[in-house]
Every structure is written in C-alpha cells, then in structure tokens.
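Novice: Show me the folded form of this:
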Amino acid sequence: KPEYMTSGKIYPPPTGAHVTRGVPGGEAPIPLSDSSFDIVPGAGTSQALLKAITRLRVAPFAYGPAPPAPPYTLKVEVNQQPITSAVDEGVIDPDESYELNVTSASAILVARTDFGALRGLNSFVQLVQYNLTAQANYVIIPQLITDSPRLAYRGVMVDTGRVFISVAQLRTLCNAMEAWRFNALNIHLTDVQSWPMEIDGLPKLSGLLSYRHETPRPVNSIADARNLTQHCLERGVRVIPEIDAPGHFPAAAAYPELGVCLKRSGPNCTTCTACCHNYISPGASCRACVEASCTTNGSRPDSKQLLP
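Specialist: Numbering: from 1, shown residues only. As a prediction, this is how the structure comes out:
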C-alpha cells in the first residue's frame, strides 16, 4: 500500500473549527494533478521544512499520475520558530497548531512553527480524495481548518533490546508516525537479553552483549542513531532513547564496575558476592552497592551467566 493514503478525511480529527464549503450547495471540488500542483514556501523557510515540502508535494498522488488539471498552489507561511531551533533551545512541546484554508483559487497554510506546518501539510495530503472507481481524478473539497493537538505527547514505543529492529525499519515507522501526527518515538534500546547499541568509550557493550546467539551480531551504530534522530526530527518526531538501569542491566557482564551489587561480604563490605541477576562471577569487585549492611541479602537464586 502507498505510504500516504488519500482519503479526504483528517485523522486524528481537527480539534478546532472545521468548515466545509464544498458540495452540496457550495463550491465544487478542486481537481489536482501531480504535473500542475505546487507547494510554495514563504520567505525564510528553514531547510528542514523545505525538505518536507519537497517530500510531501507528491504524497497526495500516491495512486499514480493524475489527468491534467489547472495549476493549483498551496502556500506555506511559518511565523516564528524553525524546526532546528525548537530542538536546540530545548522546547519539548513546541506549538503544533496551524490553520489551513482551501479555496477554489488556492490554499494557504499558516503555522507558528515548523512543527505546526508539518501537521498542516499532512492534513492537506489526507484531504485529497482519489476516485478509486474511475482510477483517476484527484480532488480536494474547499474548507477551512483550525487545528492543534489534543495531547502534547503522542508516542510510539519500540523494544530493540529483545528483538532487533534496524534503523531502516525505524525510519519507515517514523514516516508513518509523521503521517498520523505522532511526535515521540520511545526506543527501549537495551534489556537483559541484549545491548545492541554502540556507546563511545564502552565498545564491549555492543561487542559482547548484542544478541549473543546471532552471527553476525546485529548492532546499531552511533552514526545510525544520529541519522535516525535527524530523519525523525525532520518529520516532527522526537526520539527518546531508553536504557534500563540498575535492573535488566547486562552491562555488568562486560563492565563489572557498572553493575549494582546485591550482596556484599568481606572486610568493610568491599567484596561483591552477587550482582544484578548474577551477571558477573561471584567474588568480583563492585564499585556500586545498594544495601545498608553486609547482612542484607538481595541476591537472586538465578545463577545464569551472560558470558562464559
């Protein structure tokens, strides 16, 4: 199926005003063609939004080329904050509101930020209808929409610690999230089963602990993570990395000093006899201990070892 579906309806539905001026009794549907439709950015448009405009200009025509139609233009105006500075300045919940006015002459999209412009562009894509019976004629109904998210956080969570998910797959997911206006991708990077993410200065984490029973061991590199973050940012999606600690923390198998001691013994309680899930050999030295005294026994009966 096409990545973007042209349905003529917005989902999620707009939270503000939605005035349809189309038939019956109103303005006629506006025919659109991929050869004569254009999106015109306003002055000072950011590079990130320009890339989105180039990508989304063809999205309404997901079913293939359309018959010729009169020229039609969607103008995009952003009044305030570009997408990159919204992140650089630490804005966690940027303004995602927009107003989209579709008339028989042209359409105009007004937003305060690039994030709002992205939401409005995807709304325009969804408003385009395709005649499946005739397999021709893309049209859009004249209407006025004022919209903003009902929920500030609209997220999807994926678990790459138990089942490896490649960056290519995560990028595809992010593309779908943009179309449906999700704004947060929470990635559960590691768990007790695996550590498939490279970390600068700690190469044994992914080298020893990434899906130990697979050859070659799948790993997402630091470059992969940066590319994914940028890819999602340009689609209005924030990446939230998540690492379990101190439990479900297999790093202790590769770096014992990072482990949490569950049972201590010896002079001054300096010897760790059981760390998290017993993932390091008894008797190893731990730097981080959580018990109040040596007599506290929080060790688990599990004696499995991550490493031979």
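Novice: Return, as residue ranges, the portions of the stretch 151-300 of the chain with sub-threshold pLDDT.
Specialist: Within the stretch 151-300 of the chain, the ranges that satisfy pLDDT under 70 run 246-247, 250-252, 256-257, 259-300.
Novice: burial measure for the closest residue to residue 93 other than its chain neighbours, as a count.
Specialist: In this structure, residue 93 finds its nearest non-sequential neighbour in residue 152, 4.5 Å apart by CB to CB, 6 or more residues apart in numbering. Quick note: C-beta positions are derived from backbone N, CA and C, even for glycine. For residue 152, the neighbour count with other CB atoms under 10 Å is 12.
Novice: quick one, phi/psi of residue 152?
Specialist: Note on residue 152: its backbone torsions stand at phi -70, psi -40 [degrees, to the nearest 10].
Novice: thought it was touching residue 94?
Specialist: No: in this structure, residue 152 is not within contact of residue 94 by CB atoms under 8 Å, at 9.6 Å.
Novice: What strand or helix carries residue 227?
Specialist: Using DSSP states H and E, residue 227 sits within helix 222-233.
Novice: Packing partners of that helix?
Specialist: If you count contacts as 3 or more CB pairs under 8 Å, 6 or more residues apart in numbering; DSSP states H and E, helix 222-233 packs onto helix 83-88, helix 167-179, strand 238-242.
Novice: Nearest to residue 56, out of these?
Specialist: The closest of the helices and strands packed on helix 222-233 to residue 56 is helix 167-179. By CB to CB, the value is 9.0 Å.
Novice: Using neighbour counts, pick out the buried residues of the closest one.
Specialist: Buried positions in helix 167-179, judged by neighbour count with 16 or more other CB atoms under 10 Å: 167, 170, 173-175, 177-179.
Novice: C-terminal to it, what's the next element?
Specialist: Next element after helix 167-179 (DSSP H and E): strand 184-188.
Novice: Moving C-terminal from that next one, which element do we reach first?
Specialist: Next helix or strand after strand 184-188 toward the C-terminus (DSSP H and E): helix 203-209.
Novice: That next one - contacts with which helices or strands?
Specialist: When contacts are defined as 3+ CB pairs under 8 Å, 6+ apart, helix 203-209 packs onto helix 251-254.
Novice: residue contacts, the residue nearest to residue 98 when sequence neighbours are not counted?
Specialist: In this structure, residue 98 finds its nearest non-sequential neighbour in residue 120, 3.6 Å apart by CB to CB, 6+ apart. Residues counted as contacts of residue 120 (CB atoms under 8 Å, 6 or more residues apart in numbering) are 76, 98-100, 109, 111, 147.
Novice: who's in contact with the residue nearest the centre of the chain?
Specialist: By CA atoms, centre = their mean, the chain has its centre lying nearest to residue 185, at 3.6 Å. Neighbour list for residue 185: 155-156, 158, 170, 173-174, 177, 232, 237-240 [criterion: CB under 8 Å, 6+ apart].
Novice: And the residues you listed, which is closest to residue 220?
Specialist: For the contacts of residue 185, the residue nearest residue 220 by CB to CB is residue 170; the value is 8.6 Å.
Novice: Distance of that closest one relative to residue 103?
Specialist: Distance from residue 170 to residue 103, counting by CB to CB, to the nearest Å: 39 Å.
Novice: Which of the helices or strands spans the nearest residue to residue 53 once chain neighbours are set aside?
Specialist: Excluding its sequence neighbours, the residue lying closest to residue 53 (CB to CB, 6+ apart) is residue 39, at 4.8 Å. Element membership for residue 39 (DSSP H and E) is strand 37-41.
Novice: Show me what that strand pairs with in its sheet, parallel or antiparallel.
Specialist: If you go by DSSP bridges, strand 37-41 pairs up with strand 72-81 (parallel).
Novice: buried residues in the partner strand?
Specialist: By neighbour count with 16+ other CB under 10 Å, strand 72-81 contains the buried residues 72, 74, 76-78, 81.
Novice: Could I get those in JSON lines, plus columns for distance to residue 163 and pLDDT?
Specialist: Formatted as JSON lines, the buried residues of strand 72-81 follow (distance: CB to CB, whole Å; pLDDT from 0 to 100):
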{"residue": "72", "distance to residue 163": "45", "pLDDT": "97"}
{"residue": "74", "distance to residue 163": "40", "pLDDT": "98"}
{"residue": "76", "distance to residue 163": "39", "pLDDT": "97"}
{"residue": "77", "distance to residue 163": "43", "pLDDT": "96"}
{"residue": "78", "distance to residue 163": "39", "pLDDT": "94"}
{"residue": "81", "distance to residue 163": "37", "pLDDT": "62"}
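Novice: With respect to residue 142, which of those is nearest?
Specialist: Comparing the buried residues of strand 72-81 against residue 142 with CB to CB picks out residue 72 as the nearest, at 11.5 Å.
Novice: and the closest one, what does it touch?
Specialist: Shown in contact with residue 72 (CB under 8 Å, 6+ apart): 30, 32, 36-38, 106-107.
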